[in-house]
Every structure is written in C-alpha cells, then in structure tokens.
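Engineer: any chance you can model this:
(one chain, ligands or ions: 2)
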Amino acid sequence: MSELKIAIQKNGRLSDNSKRLLEECGIKFSNGSGVLKTTATNFPIDVLFLRDDDIPQYVEQQVADIGILGENMVFEKDKDVIITEKLGFAQCRLSLAIPKEESYSDLKFFMNKKVATSYPKLLSDFFKRNDIEAEIEEISGSVEIAPGIGLADAVCDIVSSGSTLLTNGLREVETVLKSQAVIIANKNLDDEKQKILDKLLFRIRAVKNGKENKYILLNAPESAIPKISKILPGMKSPTILPLMEKGWYSLHSVVREDEFWESINKLKEAGAEGILVIPIEKMIL
Ligand code: PRP
Ligand code: ZN
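Structural biologist: Ligands and ions are numbered 1, 2, ... in the order given. Just a heads-up that it's a prediction; the model follows:
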C-alpha cells in the first residue's frame, strides 16, 4: 500500500499547529530535529518537513500529494493545485505598512514608491486593481527592515500579532489579503491516495467541529426544563437525567461556544445551576 505524502512547514508560524492537527487526528509520527521525512506509525502517510514557500510547487509536481500551508503562499505561488479544506488556524493578513511617522490618507501614497515584499505577485495584482504604479522590490526575508536600511519606502508582508511591524517602527495601512491555513492537494491523486485523503479530511473535520463546540451540563428543577431546552438548541434535544434530589434534573447538550456565551445569562435566569462547560475532542456530524 502506498502512503499519502503530506508536506508541512519545517520551521515557522504554521509548523506547530500543523503537527498538532495531525496528532489530534490520532496520527502518530516521530519528529526529531533535523528529520525531513517521517512515516506515521498508525496511518498511511509520510510527513515531509519543507519550506512553506516550496510546498505549492511540490504538490503540483506530486513530490508531495497534499500540503498544509497559508492561503497567502498558495495564492502567491499560483500553482495548479486544489484547496480542499480551510483549517481555521494561522490567521493573518498580507498588509502594506509604512514608516510610522509618515502621514497616510489613501493608496495614492504608494504612487511611484518602492515597496519591499516576498509577495510580488499578490502585491502587483493589488496595485494593478487599484491603478497604482509602484516599484516592487522582491526580497525573500526580513522584509520589515527594508525601510530602515533605505532599501524601500514601504513593505508588504504578513502581519499576525503585529509585533514585527511595531519593533521595526512600521504602521499597517492597507490589507491586501486575509489568510488562514488550508490543505492543498495535487489534482491527479489515484484512488488509493484519494481514499487516504478522504479519511484524513474526515478526521480533520471531526477535530474542527469538536473545537467549535462545547459539551454543557447543568442542573435545573423540572419546571425550568422547557424554557432551558429552548435556550439550548443542542445537537437534537438535550439529554435529561434525574438527580437524587426529587424534582431536579441534569441536562446535557452540545452548543457552539459563541452561542453558549451569549445565552449564559438567559440560562441562569431560567433557573439553571451548576453549569459545566467541557471541551469536546472530536465531533462527528
Ligand atoms: C511573517 C512575517 C513577519 C511575521 C509577522 O513571517 O514575515 O516576520 O510573520 O508576525 P507578527 O505580526 O506576529 O509579528 P512568516 O511566518 O509568514 O514567514 P516566512 O516567510 O519565514 O515563512
Ligand atoms: Zn516561508
């Protein structure tokens, strides 16, 4: 049986979360430092540790069958691959930033300026769409120091927490693209590999659904149950178990985390007590 080869980032913003996602899917593999390729012990995949910049090309050429990386890199490299799933982590944006002391009103600022970036394609598309003529200086790393050393007037780079911009005296002024981690796949996977990918995606969705939902338990008197059940829609209807104390029940349900926070006060007003919220590891819909 052949393994599905999955490329993940070796070092960087995506690496820890990519490894964790595979682990949360129950996939075990060793990851000693300096190891560039490893085979999972309990699932038919090989994990390749690569530079994220190279992953789109490797997936197109089927050096790897699939890869985990940021949409920013997928769209910049523009290779012939399919995005099969958004993963919801490594959220960031590709932004234009200028020295913080400069005043800024609109995109015309960039007219005839020099902008340093590792994303020349996305940036030139953006400038074209907005009728801005600017010079793009392509550099492969440490983009944020470019204005400070006189290499460019501005930068276009990935911003996540914003701390890199801050330490380099830069100010974000425009968003070019919003990005998160995704799975990309080669277009010509054979049936066997497609089946492994489907299995993996099934597990990934179960992990994702689990993260977005919470298991909630609470106690309530019998009279409060109809009202509480309406506030907590749950998967279908809540499980209701009698407590030792007569007339009291324990209600169990699954709710989206954001909905839970919004309904907490209503639940208490309706008579809920002893509310427990428990993380869900996997959830299959
Ligand atoms: C980006 C960018 C900054 C940093 C910004 O690097 O180049 O260095 O993240 O993050 P912050 O806003 O949280 O400070 P990325 O991980 O995309 O780098 P790579 O080019 O090395 O893959
Ligand atoms: Zn990179």
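
Engineer: so for N31, what's the pLDDT?
Structural biologist: pLDDT recorded at N31 is 80.

Engineer: what about it, how many residues nearby?
Structural biologist: Neighbourhood size, N31 [other CB atoms under 10 Å]: 13. Using the backbone N, CA and C atoms, a C-beta is placed for each residue, glycine as well.

Engineer: these two touch, right, it and T38?
Structural biologist: Yes: N31 is in contact with T38 according to CB atoms under 8 Å; the separation is 6.4 Å.

Engineer: what do these two both touch?
Structural biologist: Shared contacts of N31 and T38 (CB atoms under 8 Å, 6 or more residues apart in numbering): V47.

Engineer: does E245 count as helix, strand or coil?
Structural biologist: coil (DSSP: H, G, I helix; E, B strand; the rest coil).

Engineer: pLDDT score assigned to it?
Structural biologist: At E245, pLDDT is 94.

Engineer: do the same with L285
Structural biologist: Each residue has a pLDDT score; the one for L285 is 84.

Engineer: contacts only, for the residue nearest to it when sequence neighbours are not counted.
Structural biologist: Counting by CB to CB, 6 or more residues apart in numbering, L285 lies nearest to N209, which is 6.0 Å off, once chain neighbours are set aside. Residues near N209 by CB under 8 Å, 6+ apart: 280, 282-285.

Engineer: repeat that for I228.
Structural biologist: By CB under 8 Å, 6+ apart, the neighbours of I228 are 218, 220, 238, 251, 267, 270-272.

Engineer: tell me the phi and psi of it?
Structural biologist: phi -60, psi -40 (degrees, to the nearest 10).

Engineer: next: the one 4 residues further on.
Structural biologist: Note on L232: its backbone torsions stand at phi -110, psi 90 [degrees, to the nearest 10].

Engineer: report the separation between it and ligand 1.
Structural biologist: 37 Å (CB to the nearest ligand atom, to the nearest Å).

Engineer: not counting sequence-adjacent ones, nearest residue to that residue?
Structural biologist: S253 is the one closest to L232 (CB to CB, 6+ apart), at 4.8 Å.

Engineer: wait, a strand at that neighbour?
Structural biologist: Yes: assignment of S253 by three-state DSSP places it within a strand.

Engineer: isn't it right next to I225, touching?
Structural biologist: No: counting by CB under 8 Å, I225 is not a contact partner of S253; they are 11.7 Å apart.

Engineer: next up, the contacts around S229.
Structural biologist: Counting by CB under 8 Å, 6+ apart, S229 has contacts 237-238, 251.

Engineer: same question for T41.
Structural biologist: 28-29.

Engineer: name whatever forms a beta bridge with L96.
Structural biologist: Going by DSSP bridges, L96 is paired in beta bridges with C156, E174.

Engineer: relative to D53, how far out is it?
Structural biologist: For L96, the distance to D53 (CB to CB, to the nearest Å) stands at 20 Å.

Engineer: neighbour count: the two, which is higher?
Structural biologist: In this view L96 and D53 are compared by other CB under 10 Å, and L96 has more residues nearby, 26 against 16.

Engineer: returning to that earlier point: per-residue pLDDT, the residue nearest to L285?
Structural biologist: Looking at N209, the pLDDT reads 93.

Engineer: element containing it, please.
Structural biologist: In this assignment (DSSP states H and E), N209 forms part of helix 191-212.
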